[in-house]
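Undergrad: Quick one: sequence plus predicted model below, questions after.
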Amino acid sequence: MLKEFELASYLRVYQEIVDRELERAVLADPDPGPLYSSMRYSLLAGGKRLRPILCLTVCAAIGGSAEVAMPTAVALEMLHTATLIHDDLPSMDNDDFRRGRPTNHKVFGEGIALLAGDALLAYSLEHVLHNTDAPPDRLLRVIQTLLHAIGVNGAIGGQVADVGLENRPDAELAELESMCARKTGALLVASVVSGAVLAGADEGTIARVSLYGEKIGLAFQIIDDVLDVTSTLDELGKTPHKDEKMRKSTFARLLGLDQARERAADLIESAKREVRSLGEGAVPLFAIADYVGSRSK
């Protein structure tokens, strides 16, 4: 069955749907000013849309409604985009390119970029609350999940840890995994957990999809580290060899390229085992996991 699944078509359809919803969610500012333009510049710049697709895929796998899950899927992309805008700032990773074009602060300045990221963080939650027809208990849990994923124990805390790993090429592997679990993994976990919650999944199923999210999240970051070493700007869409220049600890540095790829492959196989109980609904999740482990950009 997995061999018959057309992942490229599946991703393309969902990317187009999510892009349309994002366009509707953040309309052009009716008043002159750079804030909405800055938000839209990064939000509508393309990308894999992996987090909203995971949310929608898990929700569908458990028998939930895409219509109910869509506002949360859109919010997840807003949150992800906010982290990218902040991550690229000169005070953080100081990157010049994202998704193949100049980073937000290169176009709008550091102040507006910072505020655009903040605005997307806040607006993502507002969007969920104003647009979701989910039962109140499920909606509350989704909001709690999103806040946890972005906060001190999620992406923001992970970014702090990432800053602390600069000029520390000798950091321990456990430190690196902990940082990545928050900076990269937390939003991926939130994506699959939100989809499961909105579909009314039982706690056992939520726990299993959460583990799936954790494992593909770590694999995603491992492959990111490998690509930073092996890819060009055109292939990657962002500045390569950045981690080496900042003397960061990475999986590529600590494990070597071959062992890093092996670690990612093991995580992908383990992630797939976590969702096998979903039956036919697991097929796209298997394919997405394989894509995460073998991606080239």
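TA: Here it is on my side, so go on. Numbering: from 1, shown residues only.
Undergrad: The helix or strand where G157 lies: which residues count as buried?
TA: Secondary structure assignment for G157, by DSSP states H and E: helix 155-164. Buried residues in helix 155-164, counted by 16 or more other C-beta atoms under 10 Å: 155-159, 161-162. C-beta: built from backbone N, CA, C; applies to glycine.
Undergrad: As a markdown table, these with pLDDT would be great.
TA: Below are these laid out as a markdown table (pLDDT from 0 to 100):
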| residue | pLDDT |
| --- | --- |
| A155 | 94 |
| I156 | 94 |
| G157 | 94 |
| G158 | 92 |
| Q159 | 91 |
| A161 | 90 |
| D162 | 87 |
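Undergrad: Dump the residues you listed into a markdown table; add distance to G100 as well.
TA: Shown next, in a markdown table, are these (distance: C-beta to C-beta, whole Å):
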| residue | distance to G100 |
| --- | --- |
| A155 | 23 |
| I156 | 26 |
| G157 | 29 |
| G158 | 25 |
| Q159 | 23 |
| A161 | 28 |
| D162 | 23 |
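Undergrad: which among those residues gets closest to P284?
TA: A155 (24.9 Å; C-beta to C-beta).
Undergrad: and the residue lying closest to the closest one once chain neighbours are set aside, helix, strand or coil?
TA: Nearest residue to A155, sequence neighbours excluded (C-beta to C-beta, 6 or more residues apart in numbering): T83, at 4.9 Å. Three-state assignment for T83 (DSSP: H, G, I helix; E, B strand; the rest coil): helix.
Undergrad: Could you double-check that T83 lies in contact with L187?
TA: Yes - taking contacts as C-beta atoms under 8 Å, T83 lies within contact range of L187: 7.3 Å.
Undergrad: So for those two, which residues contact both of them?
TA: Shared contacts of T83 and L187, defined by C-beta atoms under 8 Å, 6 or more residues apart in numbering, are found at 150, 155.
Undergrad: coming back round to it: quick one: the next helix or strand after the helix holding G157 to chain centroid distance?
TA: Downstream of helix 155-164, the first helix or strand assigned by DSSP H and E is helix 173-180. Put simply, helix 173-180 sits 17 Å off its chain's centre (C-alpha atoms, centre = their mean, to the nearest Å).
Undergrad: helices and strands around helix 173-180, which ones?
TA: helix 155-164, helix 203-230, helix 251-255 (3 or more C-beta pairs under 8 Å, 6 or more residues apart in numbering; DSSP states H and E).
Undergrad: Tell me which residues of it come out buried.
TA: Residues of helix 173-180 classed as buried by neighbour count (16+ other C-beta under 10 Å): 176-177, 179-180.
Undergrad: Give the next helix or strand downstream of that helix.
TA: By DSSP H and E, the next helix or strand past helix 173-180 is helix 186-198.
Undergrad: Rounded mean pLDDT for that next one, please.
TA: The predicted model gives helix 186-198 an average pLDDT of 98.
Undergrad: helices or strands up against it?
TA: Helix 186-198 packs on helix 50-61, helix 66-87, helix 136-150, helix 155-164, helix 203-230, going by 3+ C-beta pairs under 8 Å, 6+ apart.
Undergrad: so which of these is the most packed in?
TA: helix 50-61 (a mean of 26; mean count of other C-beta atoms under 10 Å).
Undergrad: Run through the stretch 51-200 of the chain and note the low-pLDDT ranges.
TA: Applying pLDDT under 70 to the stretch 51-200 of the chain flags the ranges 169.
Undergrad: coming back round to it: need the helices and strands packed on helix 186-198 in JSON lines (columns: distance to A282).
TA: Converted to JSON lines, these look like this (distance: least, C-beta to C-beta, whole Å):
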{"stretch": "helix 50-61", "distance to A282": "7"}
{"stretch": "helix 66-87", "distance to A282": "17"}
{"stretch": "helix 136-150", "distance to A282": "21"}
{"stretch": "helix 155-164", "distance to A282": "27"}
{"stretch": "helix 203-230", "distance to A282": "9"}
